[in-house]
Every structure is written in C-alpha cells, then in structure tokens.
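1. structure of the sequence below:
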Amino acid sequence: MLWFFLSLITAISVASHDAWVKKWFSHLSAFEMPAYPFFFCIPLLALVFPFIRIPELDRTFVVYFIANLPVNAAGMLLYIRSIQLSPLSLTIPYLAFTPLFLIFTGYLFLDEIPNRWGIFGIAIICAGSYILNLDMEKWDVFSPLKAFFREPGSWMMLIVALIFSFGGAMGKKAILHSSPMFFGVTFFFVHNVILILIFWSFKKISIGKMIRNWQTGLIAGGLMFMHVITHSWAVVMTKAAYMISVKRSSVFFSLLFAGVVFKEEKVLQRSVGTVLMVAGAILISIKGG
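-> Modelled structure (predicted):
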C-alpha cells in the first residue's frame, strides 16, 4: 500500500502548491508567478541526479522529450494564469477533463482506443461540469454555459486540460523508452531551467527579487519537487491508472483550500459537481482502456 500513500502525498502536494502560489504570488505577473516554484525547484531536482539510474535512451525518447518541453511549458503558464484570475473551485475541477482528452491523444500517440466505460466516464464528467456552474437560485438551464464563458479561469483551465492531455500522452511515450524517475527529474529540470532563462533574458523576472523572497519561494519549489518525486516514485510501484486515480483527489483538497483559506462561496455546491467529474475521471482511468 506504499504506492497509495505516495499517490495521496502527490495529490496533497498539487493542491498545496496551487493554494500557496495563489496566496503569495497571485499579485505578480503571469511570468513572475510561476517563476518562483520553477526556480526554487531546480536545485532540489539537481540533488536527486546522483541517485538516478540512467537507462538506455533511443531516438524516440529524445524526440518526445524535446517535443514535450514547449507543450508542457504552455500548459503550465496557462495553468498558473488560470488560478491567478479565477477562484480555485471554478478552475481546478476542469483538470478532470484531462482523461477525456487523453482518449483522443492516447489514440493519436499510443494507439489506445476507449471502450464503453470510457464513454460512460465522459457522460459523468459532463454532468459534473453542468452542476459545477449551475446557478441554484435561478435554475437557468443555460447558466453553466454562461458561467463558463463568463469566468476566464474556467475556460483557460479547460484548455490546460487539453494541453496536458497531449503532454501526458507524449510523456508516457518517453517514459516507455526510459524510466519514470529518470524522465520526471530530468524533464522538469530542463523544463524549469529553460523557462527561467527565457523569462530572465526578456526581463520578465528578477532573479535577485526571487532570492530575496526565498522563504515563500522555497516552499513553492519544494511542493513542486514533492509532486514530481512522489509521482515518479509511485507510478513505478503499481499500475499507472490506479496511481492517477488517487492523484485526482487533489481536486478535493483544492476545494478544501478554496473554502477554508480563500473563503470562496458555493464550495459545497461545486463540490457535488467536482465529485462527479472526478468519478468520471477515475472511471476513465481504471476502466476506460
């Protein structure tokens, strides 16, 4: 059961990272906000290098490793921008659509075809999305659609889910040609270094300013580091579908932070929709094939 607890730690790390970054860095620009966890995660990842076994690498690994860098970077930046603009309870739950999009990207990159359970999971996710944005006072049948277009963070996060579905499929392809731990650590080390260098070269961030705020930055980087390590560790101990299903519980922790830390309204109502969306995601992960 060690994999279960590691997966749960991954979920808590994801939710804690989102809440911490939103609380301490949401007043910054869309470049400065993600720069803190990226920057302070780099030395932590570097410390792990001596303990990683280097597998045999082929051309497929190199191609998908490199191709996934801009894909993941775009998703991460839009992800941060989403939680910067809108409440966590109206943004994070849309990540549950990633398994839905993975049905198509999985077929594209991995030749995976969904079965009837996958279709059923899609229906559950759609129902959860409706309830998530339903105006309980007006009972307007079109209120979820209106809320979706009215709340920028919501539709941004849906785009993020789509981007991450490409990144997830491409990342899995690279993992199949290396190892989970090697890919996780090396990929995010290179990914973070490149983004920090780009931000710095275009004068979008100040390294000195980040170092002066090292206390909050180090915690952000530590949570990102924990996410990468526990995810990579857990996924090699059991079936990926089981690990990802537990990791989806990060949505519940995000809702908890949304209500307790940020005092967001209608969290209980939104939690009902979130439960359905996560249930659909779990069904797709386990039974979707």
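2. could you use CA atoms for every contact and neighbour count after this?
-> OK.
3. what residue ranges in the stretch 151-289 of the chain score low on pLDDT?
-> Residues of the stretch 151-289 of the chain meeting the criterion pLDDT under 70: 238-242, 244-245, 248-249, 251-252, 254-270, 284-285, 288-289.
4. how about the helices in it?
-> Along the stretch 151-289 of the chain, counting by DSSP state H, counting those that start in this stretch, helices occupy 152-176, 180-201, 207-212, 214-235, 240-247, 250-260, 267-287.
5. nearest to residue 28, out of these?
-> helix 207-212 (11.6 Å; C-alpha to C-alpha).
6. and the longest helix anywhere in the chain with helix 152-176, angle?
-> Looking across the chain with DSSP state H, the single longest helix is helix 59-85. With axes from the mean of the first three to the mean of the last three C-alpha atoms, to 10 degrees defining the directions, helix 59-85 sits at 160 degrees from helix 152-176.
7. same question for helix 59-85: list its buried residues.
-> 61, 64-65, 68-69, 71-73, 75-85 (16 or more other C-alpha atoms under 10 Å).
8. right, and the helix or strand after that helix?
-> Using DSSP states H and E, the next helix or strand after helix 59-85 towards the C-terminus is helix 98-110.
9. now do the buried residues in that next one.
-> So for helix 98-110, counting by 16+ other C-alpha under 10 Å, buried means 98, 99, 100, 101, 102, 103, 104, 105, 106.
10. show me what it is packed against.
-> Applying 3 or more C-alpha pairs under 8 Å, 6 or more residues apart in numbering; DSSP states H and E, one finds that helix 98-110 contacts helix 116-132, helix 152-176, helix 267-287.
11. kindly recompute the last result at 6 Å.
-> helix 152-176 (3 or more C-alpha pairs under 6 Å, 6 or more residues apart in numbering; DSSP states H and E).
12. compute the inter-axis angle for the longest helix of the chain and helix 180-201.
-> Orientation of helix 59-85 against helix 180-201 (the same axes, to 10 degrees) gives an angle of 60 degrees.
13. helices and strands around helix 59-85, which ones?
-> Helix 59-85 sits against helix 152-176, with contacts defined as 3+ C-alpha pairs under 6 Å, 6+ apart.
14. buried residues in the helix it packs on?
-> Across helix 152-176, burial judged by 16+ other C-alpha under 10 Å covers 152-175.
15. hmm, who's touching that helix?
-> Taking contacts as C-alpha atoms under 6 Å, 6 or more residues apart in numbering, the residues outside helix 152-176 that touch it are 61, 64, 68, 72, 75, 82, 85-86, 90-91, 94-95, 97-98, 101-102, 105-106, 148.
16. return the distance of it from the chain's centre.
-> Centroid separation for helix 152-176 versus its chain: 8 Å, with C-alpha atoms, centre = their mean, to the nearest Å.
17. so that helix versus helix 98-110, what angle?
-> If you take the same axes, to 10 degrees, helix 152-176 sits at 40 degrees to helix 98-110.
18. quick revisit: so which of the helices of the stretch 151-289 of the chain gets nearest residue 125?
-> helix 267-287 (4.2 Å).
19. ends of stretch 200-215, what's the gap?
-> From its first residue to its last, stretch 200-215 covers 20 Å (C-alpha to C-alpha, to the nearest Å).
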